[in-house]
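In: Sequence and predicted structure, then a few things I'm wondering about:
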Amino acid sequence: MVPALPLRAGSAASLSVTDARSLTDQVKADAQALWEKLLDLYVGGAHLVLDYSSWGGYCAAEFGMSDGRAYQLLQSARVIDQLTTVSPPQNERQARELAPLLRTEPEAIPIVWQEVQERAAEQGRPATAVDIREAVERRIEKPHVAHNTGENEWYTPPDYLEAARAAMGSIDVDPASAAKANERVGAAVFYDTGQNGLTQTWHGNVWMNPPYAQPLISQFADALVEKFSAGEVDQACVLVNNATETAWCQRLIACASALCFVRGRVRFLTPDGCREGAPLQGQIVLYLGGRPEAFSAHFAQLGQVWIAQ
């Protein structure tokens, strides 16, 4: 048994608070740099270049790691690679708890991590590995689908519908809806899942809060961009999660003349009108059309509005 190393005399009081914090932050930065370098080594095929038959064998020989530990660190590095737009976890164990999402929904890693941090902050404490594990389990057990106006049984609150109707002058088509939902939306024409709005003709002013399951969200985004560009749609208001890192959201933004970054999170309605369906992230409303000032006037009460120049 290896004896514990004794503390140096006076070491307990040798660091100032500033120095202790500085060294702690340096270790965190060094740990993140290590993960990044491991990922570079793996992606670059360092183990193959150096004539090792496997990544695990390479790490065992070069770094004294077991196969399991080598792949754990690689998973953590891949998680960190998904968190380029937010502050990463404070330690490798926290990063590893996010790793199951690499297999199922890698784009959700920053969303889940941000949500965990926000919930912990509301409770006045730092996020823990247990918090992350529980959040990941919830995400995997019940994959997040944006609450739409259709068969997910979550409906858009009336203030958003009223703002959209006032901004556009009317709601002529809702391509992702249902009979119960349209009691609130009030579109002249709506298409449910059986009718498949993707195969239908749209016209005039469109309200759309599409399903978020892939590939549906990309298909509805592409359909709207195509129909608006072709002149089939005059105006559109689209309520979606603030997923600016995704390709489908970037395509919508490129076609939009105004955006509303919703204040807080939309609390969607159950069929009986209760506000219970809060999604895991924030939302945006995109406006496509020639009346961005009208959109701004009616949506400014719901969040910050940006108008394309």
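Out: Nice, thanks for sending it over. Residues are numbered from 1 along each chain as shown.

In: make it CA atoms for all contacts and neighbour counts henceforth
Out: Will do.

In: pLDDT at residue 219, what is it?
Out: For residue 219, the model assigns a pLDDT of 93.

In: Okay, and it sits in which element?
Out: Assigned by DSSP states H and E, residue 219 belongs to helix 216-229.

In: and that helix, which residues are buried?
Out: Buried residues in helix 216-229, counting neighbours by 16 or more other C-alpha atoms under 10 Å, are found at 217, 218, 220, 221, 222, 223, 224, 225, 228.

In: Return the longest strand in this structure, judged by number of residues.
Out: strand 233-241 (DSSP state E).

In: Please state the offset of the next helix or strand after that strand from the chain centre?
Out: Next in sequence after strand 233-241, counting helices and strands by DSSP H and E, comes helix 247-255. Here helix 247-255 is found 15 Å from its chain centre; the criterion is C-alpha atoms, centre = their mean, to the nearest Å.

In: Find the residue at the geometric middle of this structure.
Out: residue 111 (4.0 Å; C-alpha atoms, centre = their mean).

In: Quick check: that residue vs residue 282, distance?
Out: 10 Å (C-alpha to C-alpha, to the nearest Å).

In: Same question for residue 51.
Out: Separation of residue 51 from residue 282 (C-alpha to C-alpha) stands at 48 Å.

In: Looking at these two, which one has more neighbours?
Out: Taking neighbours as other C-alpha atoms under 10 Å, residue 51 and residue 282 compare with residue 282 leading, 17 against 10.

In: Find me the pLDDT at the closest residue to that one other than its chain neighbours, would you?
Out: Nearest non-adjacent residue to residue 282, counting by C-alpha to C-alpha, 6 or more residues apart in numbering: residue 265, 4.9 Å away. At residue 265, the pLDDT value in this model is 75.

In: Could you do residue 39 as well?
Out: pLDDT at residue 39 comes out at 78.

In: Could you point out the helix or strand that follows the strand or helix carrying it?
Out: Here residue 39, judged by DSSP H and E, is contained in helix 17-43. As assigned by DSSP H and E, the chain's next helix or strand after helix 17-43 is helix 46-49.

In: Flag every buried residue along whichever helix or strand comes after that following helix.
Out: As assigned by DSSP H and E, the chain's next helix or strand after helix 46-49 is helix 55-63. Buried residues in helix 55-63, defined by neighbour count with 16+ other C-alpha under 10 Å: 55, 56, 57, 58, 59, 60.

In: tally of neighbours for the closest residue to the first one other than its chain neighbours?
Out: Okay, so that is residue 55. Closest residue in space to residue 55, ignoring its immediate chain neighbours: residue 47 at 5.8 Å, by C-alpha to C-alpha, 6+ apart. Per other C-alpha under 10 Å, the neighbour tally for residue 47 reads 19.

In: In contact with residue 47: list those residues for me.
Out: Going by C-alpha atoms under 8 Å, 6 or more residues apart in numbering, residue 47 touches 41, 53, 54, 55, 58.

In: If we use 10 Å, what do you get?
Out: Residue 47 makes contact with 41, 53, 54, 55, 56, 57, 58, 59, 62, according to C-alpha atoms under 10 Å, 6 or more residues apart in numbering.

In: Is it possible to get TSV of those residues that adds distance to residue 209?
Out: Output for the contacts of residue 47, formatted as TSV (distance: C-alpha to C-alpha, whole Å):
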residue	distance to residue 209
41	43
53	50
54	47
55	45
56	46
57	50
58	49
59	48
62	52
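
In: Name the nearest of the residues you listed relative to residue 288.
Out: residue 41 (44.8 Å; C-alpha to C-alpha).

In: Now do the nearest residue to that closest one once chain neighbours are set aside against residue 84, distance only.
Out: Excluding its sequence neighbours, the residue lying closest to residue 41 (C-alpha to C-alpha, 6+ apart) is residue 47, at 7.7 Å. Using C-alpha to C-alpha, residue 47 is found at 26 Å from residue 84.

In: Enumerate every residue touching the residue nearest to residue 228 when sequence neighbours are not counted.
Out: Distances taken as C-alpha to C-alpha, 6+ apart place residue 234 nearest to residue 228, at 6.5 Å, with adjacent residues excluded. Residues in contact with residue 234 (C-alpha under 10 Å, 6+ apart) are 168, 202, 203, 204, 205, 206, 227, 228, 288, 289, 290.

In: Which residues are in contact with the fourth one?
Out: What it means is residue 204. Taking C-alpha under 10 Å, 6+ apart, we find residue 204 in contact with 168, 170, 171, 172, 173, 228, 231, 232, 233, 234, 235, 236.

In: Which member of the residues you listed is positioned nearest residue 89?
Out: Checking the contacts of residue 204 against residue 89 with C-alpha to C-alpha, the nearest one is residue 236 at 38.6 Å.

In: next one: phi and psi at the spatially closest residue to the closest one that is not a sequence neighbour?
Out: In this structure, residue 236 finds its nearest non-sequential neighbour in residue 206, 4.5 Å apart by C-alpha to C-alpha, 6+ apart. Phi and psi for residue 206, reported as degrees, to the nearest 10, are phi -110, psi 130.
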